[in-house]
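>>> how would this look folded up:
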Amino acid sequence: MNIRPIKNEADYDTALAEIDRLMGAAPESPESDELNVLVTLVEAYESEHWPIEAPDPVSAIEYVMEARGFRQKDLAAVIGSQPRASEVMNRRRPLTLPMIRALSAKWGLPADLLVREYDLVVE
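Numbering: from 1, shown residues only. Now for the predicted structure:
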């Protein structure tokens, strides 16, 4: 096992090639251990060089609605009313603490994601 830190793009590319070679290694084998270490190094390099920012609250709600086949009426049932749901989804009204608590409890959305600030449409 010749594993070293990933310091640049060349190291990164080499690590990815090695991961590709090791895919399918037998569990509990030295190759499997090497694969796990390389994946951890690649994840650390990627998170440092290409961080993925969390979505804003409305985008997160949109994603969950699409993924679960929910419609705006389903959102309205959670946050109080159809007009409120429309205002929130059109970014005309911010989420309130009771809305955030309801979405977190009923849909399992992380409250820390929903409390993030986001831009509203100003007319």
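>>> dump the residue contacts of the residue nearest the centre of the chain.
Geometric centre of the chain, nearest residue: A54, 5.9 Å, by C-alpha atoms, centre = their mean. By C-beta atoms under 8 Å, 6 or more residues apart in numbering, A54 lies in contact with 60, 113, 116. In this view, the C-beta of every residue, glycine as well, is placed from N, C-alpha and C.
>>> run the last query once more with 10 Å
Neighbouring residues of A54 by C-beta atoms under 10 Å, 6 or more residues apart in numbering: 60, 110, 112-113, 116.
>>> pull out the buried residues from those.
Among the contacts of A54, those buried by neighbour count (16 or more other C-beta atoms under 10 Å) are 60, 113.
>>> looking at the contacts of A54, which is nearest E31?
P110 (36.0 Å; C-beta to C-beta).
>>> grab the nearest non-local neighbour of the closest one.
With C-beta to C-beta, 6 or more residues apart in numbering as the criterion, P110 has its nearest non-adjacent residue at 6.9 Å, and that residue is S104.
>>> ok, A44 - contacts?
5-6.
>>> assign it to helix, strand or coil.
Assigned state for A44: helix (three-state reduction, DSSP: H, G, I helix; E, B strand; the rest coil).
>>> please report the distance of it from P57.
28 Å (C-beta to C-beta, to the nearest Å).
>>> what about Q72, neighbour count?
13 (other C-beta atoms under 10 Å).
>>> for the closest residue to it other than its chain neighbours, what is the enclosing helix or strand?
Nearest residue to Q72 in three dimensions, chain neighbours excluded: A85, at 5.2 Å (C-beta to C-beta, 6+ apart). Using DSSP states H and E, A85 sits in helix 82-89.
>>> I'm done for today, thanks for sticking with me.
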